[in-house]
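Q: predicted model and sequence below, questions to follow.
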Amino acid sequence: MRFLAISGSTRRNSTNTAMLRSVSEMVEPNHSMELFDGIGDLPVFSPDLEEGPLPLAVQNFVSAIRHSDGLIISSPEYVRAIPGGLKNAIDWLVSRDEIISKPIVLMHASHRGDDMLAQMRLVLSTVSSAFREDIFLRFPLMKKTPKEIELHLNQLENRQAIADFIQRFTETFASQD
């Protein structure tokens with residue numbers, strides 16, 4: 001299975017991006033995971049911009065989604081809500097076919113953020129018929145450096161949790177084909 005891991009953060013040293021990068025290095029050889037960390041490169045959504053060729057950054061984002069078998073999204077919570085950049089990225093997908101039945105699951109890099117996660121679940125279940133709320137993985141990684149995140153995730157019990165998460169995601173959507 002080809003996963004696209006989407007970081008909802010625009011921060012250069014993002015905890016979510018570091019977590020997804022580490023996880024992408026752990027997927028089994030029969031899977032691949034590409035990291036999309038370009039949320040901040042997308043222009044502000046406007047339906048008027050959909051009438052002509054899409055802006056290049058949006059074209060690249062849509063293409064990455066189209067060529068993936070499933071999405072893993074991880075995002076920080078900003079003011080108890082979905083960060084504007086991630087919501088903007090989702091807005092670019094609302095009228096497109098690429099997202100409608102795309103398998104999507106969530107990961108989270110904090111012990112906090114439940115308000116944002118509730119909003120993400122509502123939004124993603126609206127835009128994709130294949131969003132799975134029950135396949136979810138959370139690690140308390142706030143305030144850790146990317147190297148500390150990598151070391152934490154490489155602990156045996158965390159590697160197993162990641163493998164189980166990926167396995168559940170793969171099995172659930174393989175059975176729907």
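A: Looks like it came in fine.
Q: from here on, just use CA atoms for contacts and neighbour counts.
A: OK.
Q: after the strand ranked longest in the chain, next one along is what?
A: In the chain, assigned by DSSP state E, the strand with the most residues is strand 131-138. Moving toward the C-terminus from strand 131-138, the next helix or strand (DSSP states H and E) is helix 146-153.
Q: name the helices or strands packed onto that following helix?
A: Judged by 3 or more C-alpha pairs under 8 Å, 6 or more residues apart in numbering; DSSP states H and E, the packing partners of helix 146-153 are helix 15-24.
Q: mind listing residues that contact the helix it packs on?
A: With contacts defined as C-alpha atoms under 8 Å, 6 or more residues apart in numbering, helix 15-24 is touched by 5-9, 32-35, 37, 74-76, 108-109, 141-146, 149-150, 153, 162.
Q: give the next helix or strand downstream of it.
A: With elements assigned by DSSP H and E, the helix or strand that comes after helix 15-24 is strand 32-36.
Q: once you drop chain neighbours, what's closest to R138?
A: Nearest residue to R138, sequence neighbours excluded (C-alpha to C-alpha, 6 or more residues apart in numbering): H108, at 4.6 Å.
Q: so the one you found sits against I135, correct?
A: No: contact criterion C-alpha atoms under 8 Å: H108 and I135 do not qualify, at 11.6 Å.
Q: comparing the two, which residue is more hemmed in?
A: Remark: of H108 and I135, H108 carries more neighbours, 24 against 16, as counted by other C-alpha atoms under 10 Å.
Q: mind listing what's buried along the longest strand of the chain?
A: Under the neighbour-count criterion of 16 or more other C-alpha atoms under 10 Å, strand 131-138 has 131-133, 135, 137 buried.
Q: tell me the secondary structure for the residue nearest in space to the middle of the chain?
A: Compute the mean C-alpha point of the chain, and by C-alpha atoms, centre = their mean the closest residue is I73, 1.5 Å away. Per DSSP: H, G, I helix; E, B strand; the rest coil, the secondary structure class of I73 is strand.
Q: quick check: it vs E34, distance?
A: With distances taken as C-alpha to C-alpha, to the nearest Å, I73 is found 12 Å from E34.
Q: shared neighbours, these two?
A: Joint contacts of I73 and E34 (C-alpha under 8 Å, 6+ apart) are A5.
Q: run through the protein and note the low-pLDDT ranges.
A: Scanning the chain with the threshold set as pLDDT under 70 gives 175-177.
Q: what's the longest helix in it?
A: In the chain, with assignment by DSSP state H, the single longest helix is helix 156-174.
Q: mind listing what's buried in it?
A: For helix 156-174, the neighbour count (16+ other C-alpha under 10 Å) marks 159, 161-163, 165-166, 169-170, 173 as buried.
Q: export that helix as CSV, just CAs?
A: Extracted C-alpha coordinates of helix 156-174, given in CSV (Å, rounded to 0.1, in the frame of the first residue of the first chain):
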residue,chain,number,x,y,z
LEU,A,156,10.0,-1.7,20.8
GLU,A,157,6.5,-1.0,22.2
ASN,A,158,6.1,2.1,20.0
ARG,A,159,7.4,0.3,16.9
GLN,A,160,4.9,-2.4,17.5
ALA,A,161,2.1,0.1,18.0
ILE,A,162,3.0,1.7,14.6
ALA,A,163,3.2,-1.7,12.9
ASP,A,164,-0.2,-2.6,14.3
PHE,A,165,-1.7,0.7,13.2
ILE,A,166,-0.3,0.3,9.6
GLN,A,167,-1.5,-3.3,9.6
ARG,A,168,-5.1,-2.4,10.7
PHE,A,169,-5.2,0.4,8.1
THR,A,170,-4.0,-1.9,5.3
GLU,A,171,-6.3,-4.8,6.2
THR,A,172,-9.3,-2.6,6.6
PHE,A,173,-9.0,-1.1,3.2
ALA,A,174,-7.7,-4.2,1.4
